[in-house]
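Enquirer: The following comprises the amino acid sequence and a computationally predicted model.
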Amino acid sequence: MSPTRRNAQLTTALVLLTPDGERSIISQDDDLDGADIAEAARRAAGGWLYLDGYRFPEAASVLPDRATRVVVDLDGCETRAAALAALTAAEHVVLGRSQATALLGDDDACAQLARRHGVHLVVTDGGRGALLIPPQGQPESIPPIEVSVVDSTGAGDCFVGAYCTELARGTPPARAARFAAVAAGLSCTRAGARAGLPHRAAVQSRLDTGGSGPDSGSPGKERTPCDAS
């Protein structure tokens, strides 16, 4: 945890939650700058570094060329130029369907960009699951799981965190994305972004049953949102 800053301002966020478990978050950005990113990349050399979309395009200019294995959650990225800079710097990029369409284009366009930049693109699509687009080979659909949605706050962050964790364990990207989709789904069955985070054993158990099985929510199942945007 040495790259974690302890001397910056404390950011705040306003979370709006609807009765059906959907949410919107209005947040204040932090003041992480290029020097901090470069230092984090130096410390992570040979390992993994996670960055969000707010850091681009600036982050691309301070990251060593592929010396660090970079995962970017494009949440916060607002322009196509910034998104393309992230694709250039990263090994894996996660973004929501609406953001992918707005910044990169349709699935064919995303596949072309994945090949051109040598990056794995994971396009999340709420209750419809996700799509993994590798730099080589065919895209793979990642199905959602059915759960009783209580609170979807943090589901996208859970997806990205679980995806990164599995990659760091040496899990192939397609399996990591399936694991992340289940984790995000289970996270929606309890109120609160942190309280809802599932244990790895619970995610693995759900995977072992083919995505079926009980969840901790109330009756009335819905397909879970796992949108990282």
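Expert: Yes, it's here. Keep in mind that what you see is a predicted model, and the values were worked out from it rather than measured.

Enquirer: Quick check: phi and psi on the closest residue to Leu87 other than its chain neighbours?
Expert: Leaving aside its chain neighbours, Leu87 sits nearest to His117 (4.2 Å; criterion: C-beta to C-beta, 6 or more residues apart in numbering). Where you see a C-beta, it was placed from the backbone N, CA and C, and this is true even at glycine. With angles defined as degrees, to the nearest 10, His117 sits at phi -100, psi 0.

Enquirer: got the contact list for His117?
Expert: His117 sits next to Leu84, Leu87, Thr88, Pro135 when contact means C-beta atoms under 8 Å, 6 or more residues apart in numbering.

Enquirer: Repeat that for Gly170.
Expert: By C-beta under 8 Å, 6+ apart, the contact set of Gly170 is empty.

Enquirer: got it, and Ala202?
Expert: By C-beta under 8 Å, 6+ apart, the neighbours of Ala202 are Leu186.

Enquirer: returning to that earlier point: most neighbours among the contacts of His117, which one?
Expert: Neighbour counts for these, by other C-beta atoms under 10 Å, peak at Leu87, which reaches 23 neighbours.

Enquirer: So that residue belongs to a strand, correct?
Expert: No: counting by DSSP: H, G, I helix; E, B strand; the rest coil, Leu87 is located in no strand; its state is helix.

Enquirer: And the contacts of stretch 171-178?
Expert: With contacts defined as C-beta under 8 Å, 6+ apart, stretch 171-178 is touched by 92, 120, 122, 130, 132, 134, 140, 142, 162-163, 166-167, 179, 207.

Enquirer: and that stretch, C-alpha only, in PDB?
Expert: Presented in PDB, the C-alpha positions along stretch 171-178 are these (Å, rounded to 0.1, in the frame of the first residue of the first chain):
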ATOM      1  CA  THR A 171      -6.500 -16.100 -14.000                       C
ATOM      2  CA  PRO A 172      -7.100 -15.800 -17.800                       C
ATOM      3  CA  PRO A 173      -9.100 -12.700 -18.700                       C
ATOM      4  CA  ALA A 174     -12.300 -14.500 -19.700                       C
ATOM      5  CA  ARG A 175     -12.400 -16.400 -16.500                       C
ATOM      6  CA  ALA A 176     -11.500 -13.300 -14.600                       C
ATOM      7  CA  ALA A 177     -14.400 -11.400 -16.200                       C
ATOM      8  CA  ARG A 178     -16.900 -14.200 -15.400                       C
END
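
Enquirer: what's the pLDDT at Ala41?
Expert: Note on Ala41: pLDDT of 61.

Enquirer: same deal with the one 5 residues further on?
Expert: What the model reports as pLDDT for Gly46 is 69.

Enquirer: So Leu207, which state does it fall into?
Expert: helix.

Enquirer: Skipping adjacent residues, who's closest to it in space?
Expert: In space, Leu207 is closest to Val182, 5.7 Å off (C-beta to C-beta, 6+ apart).

Enquirer: Name the SS class of Val72, please.
Expert: Per three-state DSSP, Val72 ends up strand.

Enquirer: Correction: the previous question concerned Leu16.
Expert: Here Leu16 is recorded as strand under three-state DSSP.

Enquirer: what about it, neighbour count?
Expert: Using other C-beta under 10 Å: Leu16 sits among 10 other residues.

Enquirer: Same question for Thr171.
Expert: 16.

Enquirer: Next: Phe159.
Expert: 29.
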